[in-house]
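Novice: need a structure here:
(2 chains)
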Amino acid sequence: MAKKPQLAVDTRPWRDPANNKPFVRIKNVTKKFGDVSAVHDVSLDIYRSELFCLLGGSGSGKSTLLRMLAGFENPTSGTIEIDGQDMTDVPPYNRPVNMMFQSYALFPHMSVEQNIAYGLKRDHLPKGEIAARVAELLALVKLQDYGKRKPHQLSGGQRQRVALARALAKRPKLLLLDEPLGALDKKLREETQFELVKIQEQLGVTFIVVTHDQEEAMTLATRIGVMNQGEIAMIGEPTDIYEFPNSRFVANFIGSANMVEGTVTADEPDHVRIRSAELGCDIYVGHGVDCAPDQILWWAIRPEKMALSREKPESPFDANVTTGIVEEIAYLGDISVYQVALESGKRIRVSQTNSVRGNPDAITWEEKVYVTWHDNAGSVLTV
Amino acid sequence: MFSRGWFLPIAAALGFSFLYAPIVSLVIFSFNESSLVTVWSGFSTKWYGALFNDPQLLGAAWLSLQIAALSATIALVLGTLAAVALVRFRRFRGRTLFSGMVSAPLVMPDVITGLSLLLLFVAMEGLLGWPQGRGMLTIVIAHATFCTAYVCVVVQSRLSDFDRSLEEAAMDLGASPVRTFFDVTLPIIAPALISGWLLGFTLSLDDLVIASFVSGPGSSTLPMVIFSKVRLGVSPDVNALATIIVGIVALGVLAATLIQLRSKPKKARA
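Specialist: Sure thing, here's the model as predicted:
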């Protein structure tokens, strides 16, 4: 039997927290502004060379958390450790951390070169070394010919790159990025996302990115921390967050989900049955769930994890099949999203890949259809 | 409907002549040869020459310039501090009250400001022995008082659209708060400071009412000397002097406006 090729060392230290020391350690951090807590009892470990995304809506506390890491805000309680050192009361100008601001915050009265050199001058590096480092950074962000310009003579994308170069100039251990791509248009944003990841991998710096754009978080991040009302709702790799949400909030916040309420009718170690009046059928879940009979819980499924058919499909457990009428179809080119009205009046969304070109036999409006799904396709949620 | 035709040009001409006709006639008559102010007898610059041989006027002008420079400088420091406090410490108790109080001197009648300062100086001399008598010092203090309000308003408007993340960026890159102030804050608000100072300088140079209340013997400012001269009958050398003052004030205001204008669009684009 041929030997399996040796896999590279796992570069995901968070999967083995017992043997890996976190690089950034946020312990029970709370920040109150008056009576309002912007961040409430957040604990978070981030490992070296990670690209960690804090994802949340406005007012979720993600920016406040970032500002506490930079030192612009002091936690009301809790501690922040970076590389084994307590940073809680260290002012921003003494932290081994740099930040890229949402507004870029380029000094308008200084040229691009002077902006990038500013942090190096504060460290009193020799002139020659500063010049060499500035040239190196300008090359990194592909702005070699723009060193003498003032920020107002640059385009939005160029300013973004100057801001990145300035933040990287001091070779920080940790780089904080506040909505780094928020001010760019869609096309430029997509290009820049990959460039950002490339630079991060090239330099090996730990990045913490704050964003409200889930697509951006999914593309960039090694792990995502979803924040809601000042608390961390879930931490995980992008696939975990999308495929295995831990709560109704996360299921709804990331992507789109159909959510129904149901009652547990059978609770076995290898499967669970849930009766849902909303769905008009039983849900058979092909794995054990930590729940009790008669418990009311929620079940969420992504639109692309369901299938539509005109004929009634086989249902081995007498479950996971329901029926309804197609109300709306949104044709998006690659996929179509069908809105199906079930008998209970509940509307669910099902998306199907348009794999046949101009399919004349496609399901259309007002048709009666069966909706079916695999017994592991949905998530059972208790909170 | 007024966009074409004769209405707008005429309205503009009327408005501007109402504003500037008196000043233009003053400038013209300053070059009049006759010693009668209202009778034109030919072009001459002799009254300018006479002006520079009048020690009383020259002394008063010098005093006024000194007072204006000093009080504008004091007002610049105090007004900037007040503006920083008002803009930066958004949540302190009594902010609204303080904010209203700092701009009240802008609308306070000069007579009241002058009178209240005079009473204060008299009371202070009685209680503390300072300031002794009234003179240049009391005028400087009085002028600094109302100029502070103007400087504060100008600097405040500049600071309120100042992007604070610029300061945070400097600190993030290793600059101490003091360093940040001199490297980032000061260069960016400098145009407002300069125009605030120029505004204070011009206002102080112009002031007659407040100065009359708080001045003492031997410390007559230029406007006071002119006013007393005019009461004895207008002499043509006053026209010459007034023309020079109009020139200085216009230059000051023009410079202040230009500095503000030049800095604004830059900021908007950056």
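Novice: what sits against residue A:30?
Specialist: A:37, A:39-42, A:75-78 (CB atoms under 8 Å, 6 or more residues apart in numbering or on different chains). Quick note: C-beta positions are derived from backbone N, CA and C, even for glycine.
Novice: So residue A:284, which state does it fall into?
Specialist: Secondary structure, DSSP: H, G, I helix; E, B strand; the rest coil: residue A:284 is strand.
Novice: nearest to chain B, of the contacts of residue A:30?
Specialist: residue A:76 (15.7 Å; CB to the nearest CB).
Novice: Number of residues surrounding the closest one?
Specialist: By other CB atoms under 10 Å in any protein chain shown, 15 other residues sit near residue A:76.
Novice: And it, what's its pLDDT?
Specialist: Per-residue pLDDT puts residue A:76 at 94.
Novice: Tell me which entries of the contacts of residue A:30 lie within strands.
Specialist: Using DSSP state E, A:37, A:39-42, A:77-78 are the members of the contacts of residue A:30 that sit in strands.
Novice: Most neighbours among those, which one?
Specialist: Ranking the ones in strands among the contacts of residue A:30 using other CB under 10 Å puts residue A:39 first, with 28 neighbours.
Novice: residues contacting residue B:197?
Specialist: With CB under 8 Å, 6+ apart, residue B:197 has these contacts: B:72-73, B:75-76, B:151.
Novice: Let me have those in a markdown table, extended by distance to chain A, secondary structure and neighbour count.
Specialist: Below are the contacts of residue B:197 laid out as a markdown table (distance: CB to the nearest CB, whole Å; DSSP: H, G, I helix; E, B strand; the rest coil; neighbours: other CB atoms under 10 Å in any protein chain shown):
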| residue | distance to chain A | secondary structure | neighbour count |
| --- | --- | --- | --- |
| B:72 | 24 | helix | 27 |
| B:73 | 24 | helix | 16 |
| B:75 | 25 | helix | 28 |
| B:76 | 20 | helix | 25 |
| B:151 | 22 | helix | 29 |
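Novice: between these, which is closest to residue A:143?
Specialist: residue B:76 (38.8 Å; CB to CB).
Novice: check which helix or strand covers the nearest residue to that closest one once chain neighbours are set aside.
Specialist: Of all residues not flanking residue B:76 in the chain, residue B:197 sits nearest, at 4.9 Å (CB to CB, 6 or more residues apart in numbering or on different chains). For residue B:197, the host element (DSSP states H and E) is helix B:186-206.
Novice: roughly how far is the helix or strand that that helix is followed by from the heart of the chain?
Specialist: Heading C-terminal from helix B:186-206, the first helix or strand you meet, by DSSP H and E, is helix B:209-214. Centroid displacement of helix B:209-214 relative to its chain, using CA atoms, centre = their mean, to the nearest Å, is 15 Å.
Novice: so the helix or strand following helix B:209-214 versus helix B:186-206, what angle?
Specialist: Downstream of helix B:209-214, the next assigned helix or strand under DSSP H and E is helix B:222-231. Here the directions of helix B:222-231 and helix B:186-206 differ by 20 degrees (axes from the mean of the first three to the mean of the last three CA atoms, to 10 degrees).
Novice: which parts of helix B:222-231 are buried?
Specialist: Residues B:222-227, B:229 are the ones in helix B:222-231 that count as buried (16 or more other CB atoms under 10 Å in any protein chain shown).
Novice: Now distance to residue A:115 too, for the ones in strands among the contacts of residue A:30, in TSV please.
Specialist: What follows is the ones in strands among the contacts of residue A:30, written out as TSV (distance: CB to CB, whole Å):
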residue	distance to residue A:115
A:37	36
A:39	31
A:40	36
A:41	38
A:42	33
A:77	36
A:78	34
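Novice: The stretch 1-150 of chain A against chain B: which residues are in contact?
Specialist: Contact residues (CB under 8 Å from any CB of the partner chain) of the stretch 1-150 of chain A with chain B: A:70-72, A:91-94, A:97-99, A:101-103, A:105-109, A:118-119, A:122-123, A:150.
Novice: Just the pLDDT for residue A:87.
Specialist: For residue A:87, pLDDT reads 92.
Novice: tell me the SS of the residue in the stretch 1-150 of chain B positioned nearest to chain A?
Specialist: Here the stretch 1-150 of chain B gets closest to chain A at one residue, residue B:91, 8.4 Å apart by CB to the nearest CB. Following three-state DSSP, we place residue B:91 in the coil state.
Novice: what about it, distance to residue B:103?
Specialist: According to CB to CB, to the nearest Å, residue B:91 and residue B:103 sit 20 Å apart.
Novice: Which one's more surrounded, those two?
Specialist: residue B:103 (16 against 7).
Novice: Surely the more buried one is in a helix?
Specialist: Yes: assigned with three-state DSSP, residue B:103 falls within a helix.
Novice: is it true that it touches residue B:152?
Specialist: Yes: contact criterion CB atoms under 8 Å: residue B:103 and residue B:152 qualify, at 7.1 Å.
Novice: picking that back up, give me the buried entries from the residues of the stretch 1-150 of chain A next to chain B.
Specialist: Buried among the residues of the stretch 1-150 of chain A next to chain B (16+ other CB under 10 Å): A:70-72, A:92-93, A:97-99, A:101-103, A:105-109, A:118-119, A:122, A:150.
Novice: Now do the contacts for the residue of the stretch 251-383 of chain A found nearest chain B.
Specialist: Nearest to chain B in the stretch 251-383 of chain A, going by CB to the nearest CB, is residue A:253, at a distance of 27.3 Å. Residues near residue A:253 by CB under 8 Å, 6+ apart: A:57, A:214, A:226, A:228, A:233.
Novice: quick one: which of those residues is nearest chain B?
Specialist: residue A:57 (21.2 Å).
Novice: For the closest one, report the pLDDT, please.
Specialist: For residue A:57, the model assigns a pLDDT of 90.
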